[in-house]
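> just coords:
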């Protein structure tokens, strides 16, 4: 039975006329808030279906119009531009789906691929598309399937629609069910068509078209979501080679602007107002494509990494730091490899391996594989043997660690801004893990005592490990904040101070691990156990390298904290005027520290302690008299402290470098790792230089407010400060910002 | 019509399928969410329907050689829309076939 339709215009109009002004007849769950999202029909800015006078909905361009070879190249290259624009985050509606050819292939939806033509149904023989249109069709089909693969890969991982990538296909089905080889055959057939000798076409054009078809085929293969891990690395280098010849032959093409139109948006199921088409320059598009290939090719190196979660994390961090930042697809690509069952279900427990590297440097009965072979007593009321209990405790902890551990991995795969925000949440997860680890530790302790294993494990090993990891994440969070310009120059001193606190806590914690390892090693030496001594030694190298690295971070942060404090006192940093009514320093402090206020043990110092550290000579506007004395004396505690810290950084970095990338479990990314150490050292040198400049400036002319010895504001004459930003060559690297002091010319 | 009567009459259509014809010839089919004195209408889960252009009809007739050739209306999903009262030309109520014969509870 058909739905019955009643015309109710008249009565409806009379009824609405009878309503009061302002009275709404509405669904009780429908809110004003929701109504804001409604599209206003007949409003040219909102309504994509609104037609101007004399405007028609239909395209004037007929996709069956025969093409010249140059026009074919033009359309192919234009499609590539739109494809890359889509990769950078624009929706399909503003990019690829503006192509009339593309639209015809996809809509109305063809049941079988043969029906996906630039026309639907039957067509007169004379109007059948010619060779070049057939070639274009094969190319377009492959583009569509490529998009399908890209969407599938991105959607399978964690991504954020608004900030990363737009997966909306507007109800168009991108040949989800059609397998890869069908598209390959279409492309092969197209290449054959082009190679026909009786096709009358200039040879350079012919080979340019064939290059594009072959590129498309190789690209599609590389995007294939079912490609096994071991074949991944073979796809990308090959692609990079063909990019060059596409670039060189681009000029042979003639653009066909008519084949693309904003109007296509009207045909898409679209709940948003019409938006302009995104134009990406061909060279920029190729650059993006090249970047995509290089990044993906780099990501495939993941499969060659040694089986060690710390290597994985080094790789992830390095990949995220790549410049330019990898596109969302490349990040999903790496994440897909990372979360591949073959990697996740490795024969060893990944979190446990990580734990071992830090807190079980020496072979111990706690992790003896024998423990896992014991069966529980038949009678559940009987006590389990202590060794079995050990195995169960470790298993309990490893299971508990799984989720927070994966959360960290997921976070490391996100875009940088998202990584910073996600880390704040991941840290909270690890904080809870730490609390649980404490209880496992105490059980472990009890069992170890019953077995008289006293010296074999360090004090609370599991919670120590969690704590080291947690501190590392917090340090990263702060450094990312600097990198993303979250902090204002007047906050630099405070944030570096906080970073210094965190890193020095990590140093102290790592020191405990080193002490434990050293003690064990001595014990092995005493008992003549060479083999175990050797093992322990190797692990100790890693822990000590971590310790030195943390020391470098801690000391550099300390030096910068003091440096910025001096700049604040000298009035060289801009302090924004803030309304006193709504803002005071304490509230600002609490807001800044909010992600970390709930942690145990407390990491955030109380505000009073914080103020003392940051304002050692009283307020910046009116410092105490000892400030001037300290500033003037090059041998004062202040200057010596900074110099000492910077020397310490150099020394620690030297040790880290001496250990090398492999010991630091960054062997897979050794080039980037070395680069990181060098850049850190450069920052340290730059800090030394700038501190020297400040000293000279201070000696040159210090203007005091209320006369010698009585305190009051201190100003320097003839100097200003420049904060380096992204792209700066000196004094700026991965969250380390060294302000430059410039002297005005006399 | 008195206000309470009018309110009752209009309220029965809330959540029901309506078809609104607009001044430019399009038809919007969706669920009524809200209306007011100016006959502004908010529809949810709306589809837009548009008659094929004269050009398209001509082409279809030429192609098939039949003056009664079938040409589909274009339709697409547009979601939540507000149709200003001044552009509302015709309002139709679509009674579900399941509920015909007064079962839908709407007094026309």
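Noted; the coordinates are in hand. Nothing here was measured: the structure is a model prediction, and the numbers come from that model.
> worst-scoring helix or strand of chain B, pLDDT-wise?
For chain B, using mean pLDDT, DSSP states H and E, the weakest element among its helices and strands is helix B:54-64, scoring a mean of 80.
> Check what contacts that one and list those residues.
Where contact means C-beta atoms under 8 Å, 6 or more residues apart in numbering or on different chains, the residues beyond helix B:54-64 that reach it are A:56, A:58, B:52, B:67, B:69, B:70, B:71. Bear in mind the C-beta positions are built from the backbone N, C-alpha and C, glycine included.
> residues of that helix that come out buried?
Neighbour-count burial for helix B:54-64 flags residue B:56 (criterion: 16 or more other C-beta atoms under 10 Å in any protein chain shown).
> for stretch A:485-492, same thing?
Along stretch A:485-492, the positions that meet the burial threshold by neighbour count (16+ other C-beta under 10 Å) are A:487, A:489, A:491, A:492.
> For the nearest residue to the second one once chain neighbours are set aside, which residues are in contact?
Pointing back at residue A:489 there. Spatial nearest neighbour of residue A:489, chain neighbours left out: residue A:573 (4.7 Å); criterion: C-beta to C-beta, 6 or more residues apart in numbering or on different chains. By C-beta under 8 Å, 6+ apart, the contact list for residue A:573 reads A:489, A:490, A:492, A:564, A:567, A:721, A:739.
> so of these, which ones are in helices?
Judged by DSSP state H, these include A:492, A:564, A:567 as members of helices.
> Just the closest of the residues you listed to residue B:36, please.
When those are compared for distance to residue B:36, the smallest value, 55.2 Å, is given by residue A:492; criterion: C-beta to C-beta.
> how near is the closest one to chain B?
Here residue A:492 is placed at a distance of 47 Å from chain B (C-beta to the nearest C-beta, to the nearest Å).
> Might one say that that residue is in contact with residue A:560?
Yes. Applying C-beta atoms under 8 Å as the test, residue A:492 and residue A:560 come out as touching, 7.2 Å apart.
> Overlap of the contact sets of these two?
residue A:737.
> follow-up on the earlier one: any idea how far the least confident helix or strand of chain B is from the chain center?
Mean C-alpha position of helix B:54-64 versus that of the full chain (C-alpha atoms, centre = their mean, to the nearest Å) differs by 26 Å.
> Give the bridge partners for the residue nearest the centre of chain B, please.
The structure's chain B has its C-alpha centroid closest to residue B:19; by C-alpha atoms, centre = their mean the separation is 1.4 Å. In this structure, residue B:19 bridges to residue B:29, residue B:92 when assessed by DSSP bridges.
> right, and it touches residue B:92 too?
Yes. Between residue B:19 and residue B:92 there is a contact at 4.2 Å, judged by C-beta under 8 Å.
> Would you mind grabbing the residues shared as contacts by the two?
residue A:5.
> gap between the two ends of stretch A:266-274?
When the termini of stretch A:266-274 are compared using C-alpha to C-alpha, to the nearest Å, they are 8 Å apart.
> Could you do stretch A:632-643 as well?
So stretch A:632-643: terminal residues 15 Å apart, C-alpha to C-alpha.
> Over to stretch A:610-625?
Across its full length, stretch A:610-625 reaches 21 Å between end residues, using C-alpha to C-alpha.
> average pLDDT for that stretch?
Summarised as a single mean, pLDDT over stretch A:610-625 is 90.
> Name the residues of it that are buried.
Buried residues in stretch A:610-625, defined by neighbour count with 16+ other C-beta under 10 Å: A:610, A:611, A:613, A:614, A:615, A:616, A:617, A:620, A:623.
> How far away from the center of its chain is that stretch?
For stretch A:610-625, the separation from the chain centroid amounts to 38 Å (computed by C-alpha atoms, centre = their mean).
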